[in-house]
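Participant: one predicted model, sequence on top.
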Amino acid sequence: MKEDWSAVAEAVNARAAELALKQRELAEKSGVSLAIVREIQQGRIERRRNPRTLEALSIALDWHPQHLTAVLNGQNPPEADATAAPVDNPVIPLLNTIIREIRGLRAQLGTLTNRLDDEARRKD
């Protein structure tokens, strides 16, 4: 099944407008970097993202955590859980951002290590 990033962009833009959230506010509320929020809202860069990114944006937009993942996959989004308490602690989104950044750095380090290993094998 093809991922529909334009549908994600439309959903995020419509909901952000409905909630009167600017990109920076959405980034801060979700713990997702401003650059990634822009990429998703513009829908121009269609690449696999950490599922937690869409989950964090869904929660920040007062949707069910799997809302944007469902939109991406062309499925009907689940209803928001009315009993779920909003996250009041501002440290939680920041910690989630740090975790995502560390995972991204770990992936980049793995890529660089593989390239160095490949280069070393070619020289041997």
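Facilitator: Great, that's in hand.
Participant: only the buried residues of whichever helix in the chain runs longest, if you could.
Facilitator: Across the chain, the helix with the greatest residue count (assigned by DSSP state H) is helix 91-123. Using 16 or more other C-beta atoms under 10 Å as the test for burial, helix 91-123 gives Pro93, Asn96, Thr97, Arg100. Using the backbone N, CA and C atoms, a C-beta is placed for each residue, glycine as well.
Participant: residue contacts, the spatially closest residue to the third one that is not a sequence neighbour?
Facilitator: Looking back up the chat, that one is Thr97. Nearest non-adjacent residue to Thr97, counting by C-beta to C-beta, 6 or more residues apart in numbering: Gly31, 4.1 Å away. Contacts were defined as C-beta atoms under 8 Å, 6 or more residues apart in numbering; by that measure Gly31 touches Ala56, Ile92, Pro93, Leu94, Leu95, Asn96, Thr97, Arg100.
Participant: name the nearest of those relative to Thr111.
Facilitator: Arg100 (16.7 Å; C-beta to C-beta).
Participant: I'd say that closest one and Thr53 touch.
Facilitator: Yes: between Arg100 and Thr53 there is a contact under C-beta atoms under 8 Å: 6.9 Å.
Participant: and stretch 47-56, end to end?
Facilitator: One end of stretch 47-56 sits 17 Å from the other (C-alpha to C-alpha, to the nearest Å).
Participant: so for that stretch, mean pLDDT?
Facilitator: Regarding stretch 47-56, the rounded mean pLDDT is 86.
Participant: could you give me the buried positions within that stretch?
Facilitator: Residues of stretch 47-56 classed as buried under the neighbour-count rule (16+ other C-beta under 10 Å) are Arg49, Arg52, Thr53, Leu54, Glu55, Ala56.
Participant: next, the distance between the ends of stretch 80-95.
Facilitator: Distance across stretch 80-95, first residue to last, is 23 Å (C-alpha to C-alpha).
Participant: what about it, average pLDDT?
Facilitator: When pLDDT is averaged over stretch 80-95, the result is 66.
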